[in-house]
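1. dropping a prediction and its sequence here:
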Amino acid sequence: MAQFGRALRSGRRGRGFESRRFDCVEESLKTLCVQAFFVLGIIDRTGGEQVTEQEKFMKEAIRQAKKAEALDEVPIGCVIVYEGKIIARGYNRRNTDKNTLSHAELNAIRKASRKLGDWRLEGCTMYVTLEPCQMCSGALVQSRIDEVVIGCMNAKAGCAGSVMNLLQVEGFNHQVKITQGVLEEECSTMLSDFFKRLREKKKQEKAARKLEQERLEAKE
Ligand SMILES: [Zn+2]
């Protein structure tokens with residue numbers, strides 16, 4: 001677009017009426033290009049900044065994480081993409097389902113397999129807000145998924161490079177491509193804000209319990 005604009009500008013030098021006409025054409029073309037970019041999703045309508053394909057899918061994973069947060073679960077979400085389209089979504093429901101297996105990744109893997117009618121997720125990419133744990137990394141290798149795109153890393157429990165890298169063990173029959181740091185700050189802030197609020201809540205609950213205890217003791 002910039003080159004096009006330059007070409008138009010160089011062609012209109014020193015011409016009054018022609019120059020105005022070129023200005024009009026240039027403006028119309030710019031508007032058309034911007035509209036086309038909106039349609040293609042290259043420009044984010046909200047901020048006007050460029051959004052990559054990876055960021056677009058990570059934003060959807062973040063939306064899934066917010067669903068977990070609404071249930072007072074640790075906000076972790078993911079999507080699985082096949083041939084450029086989201087075929088499955090998942091979010092952490094461990095407490096809600098009272099199930100160790102109810103991690104975002106496993107919930108999405110189950111849905112993707114149902115959708116594709118195959119346990120193999122070859123040709124698929126997972127976008128996940130937090131580095132997968134050992135259980136989910138194991139399942140991802142088992143699913144033969146092509147790639148995992150990670151928002152932020154998990155130094156204490158991540159198994160895609162932090163504690164260990166289960167996704168790329170040479171001895172296994174499948175290795176998963178890893179991409180890190182897509183919308184990293186957004187993913188990491190979402191988690192730290194959640195834990196901050198949780199600590200505050202626990203502190204308030206503790207204070208309320210202490211107050212109640214004191215009230216009961218005063219009665220006795
Ligand atoms: Zn997990």
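-> Received the coordinates, thanks. Residues are numbered from 1 along each chain as shown.
2. mind listing what the spatially closest residue to Glu186 that is not a sequence neighbour touches?
-> Distances taken as Cβ to Cβ, 6 or more residues apart in numbering place Ile62 nearest to Glu186, at 6.4 Å, with adjacent residues excluded. Quick note: C-beta positions are derived from backbone N, CA and C, even for glycine. By Cβ atoms under 8 Å, 6 or more residues apart in numbering, Ile62 lies in contact with 77, 129, 151, 183, 186-187, 190.
3. would you list those residues in TSV and tack on pLDDT, distance to Lys85 and neighbour count?
-> Formatted as TSV, the contacts of Ile62 follow (pLDDT from 0 to 100; distance: Cβ to Cβ, whole Å; neighbours: other Cβ atoms under 10 Å):
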residue	pLDDT	distance to Lys85	neighbour count
Gly77	98	17	30
Thr129	98	20	31
Gly151	98	20	27
Leu183	98	20	23
Glu186	98	23	16
Cys187	98	22	25
Met190	98	25	22
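4. of those residues, which belong to helices?
-> If you go by DSSP state H, the contacts of Ile62 have 186-187, 190 in helices.
5. most centrally placed residue in this structure?
-> Geometric centre of the chain, nearest residue: Met58, 2.5 Å, by Cα atoms, centre = their mean.
6. wait, what's in contact with it?
-> Neighbour list for Met58: 127, 129, 149, 151, 182-183, 187 [criterion: Cβ under 8 Å, 6+ apart].
7. how about 7 Å then?
-> 127, 149, 151, 182-183 (Cβ atoms under 7 Å, 6 or more residues apart in numbering).
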